[in-house]
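# Quick one: sequence and predicted model below, then my questions.
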Amino acid sequence: MKKTLLALAIFATTLGSAFAAAPEGLYVMTRYWPGSGLEIAAYGFHDGNVVVNPVSSGRTLDFAAERAAHPKEVGTYKIQGNQMIMVVNGSTHQSKMEPESTGCFGWDAGIFCPVQPFKSGTTLEGTYEGGASVGGGQVMSSTGITFNRDGTYSRESVGSASTHTADGKLSAGSIGSERGKYRIEGTALHMFPDGGKERVISTFPFDDGTKGPAPRRIYFSGAMLKRVR
């Protein structure tokens, strides 16, 4: 009996340690908010530092560059027991880490799964589409991007917003298109629209298990775009 209890205690201690293992590297986070919809974000973890939607040019995080680009999305994290405490933009979140399969873990109502950044010098060829919804559909956006091997792209985007007033429902929409050049460096998608300023989008490839040319999906700063051709 004592041996059984000792074995169970050792197992529980080992399991607890595994649950509280500090995350390391790039993760995709998905979280569903009732009434608002699905939230998707990228998180980069390294040595107590965390970045939301990282745009580093290498395969490792450059925290000085991240702070210069978007300081409000750079913070710290630490593990205490089976809890992870994260501080970003002066806001502290603490929650229990729950183990999931294939290296994933649950935390603060979200599921975090490890992903890999693009390889250096990656170019894409294909059309990707996707969108996002906020506030239960009150604000919606969709985008379609065709990437070419020669480093050029073309993009079509549609946005809409609606609100309820005492007199009824008001809606507004917008349609836009652009062409330009792009460059992928690590988790950074640099877009140079013709006649416009450079934009840097947080990105990484994602394999959804479907058949066809890779990558099947790409993360586009808060949205997951699916390859359609």
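Happy to help now that I have it. Numbering: from 1, shown residues only.

# use CA for all of it now, contacts and neighbours both
Noted.

# Kindly report the domain assignment for the chain.
Listed by automatic domain parsing, the domain ranges of the chain are 22-115, 126-227.

# now the helices: where do they sit in this structure?
Along the chain, the segments classed as helices by DSSP state H run 2-19, 63-69.

# Out of the ones you listed, which gets the lowest mean score?
Here the lowest mean pLDDT among the helices of the chain goes to helix 2-19, at a mean of 37.

# So which helix or strand of the chain has the lowest pLDDT on average?
Ranked by mean pLDDT, DSSP states H and E, the weakest helix or strand in the chain is helix 2-19, scoring a mean of 37.

# about what we covered before: looking at the domains of the chain, which has the lowest confidence?
Lowest mean pLDDT of these: domain 126-227, a mean of 83.

# end-to-end on it?
With Cα to Cα, to the nearest Å applied, domain 126-227 spans 7 Å between its terminal residues.

# before we move on, what about stretch 29-41?
Distance between the boundary residues of stretch 29-41 (Cα to Cα) amounts to 5 Å.

# Ok, stretch 182-191 next?
With Cα to Cα as the measure, stretch 182-191 spans 5 Å from end to end.

# just how off-centre is that stretch within its chain?
Chain-centre distance of stretch 182-191: 15 Å, with Cα atoms, centre = their mean, to the nearest Å.

# Need the residues that contact that stretch.
Around stretch 182-191, the neighbours that count as contacts under Cα atoms under 8 Å, 6 or more residues apart in numbering are 54-59, 117-123, 151-153, 180-181, 192, 198-204.

# Select only the buried ones of the residues you listed in PyMOL?
Those of these that count as buried under 16 or more other Cα atoms under 10 Å are selected in PyMOL with:
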select buried, resi 54+55+56+57+58+59+117+118+123+151+152+153+180+181+192+200+201+202+203+204
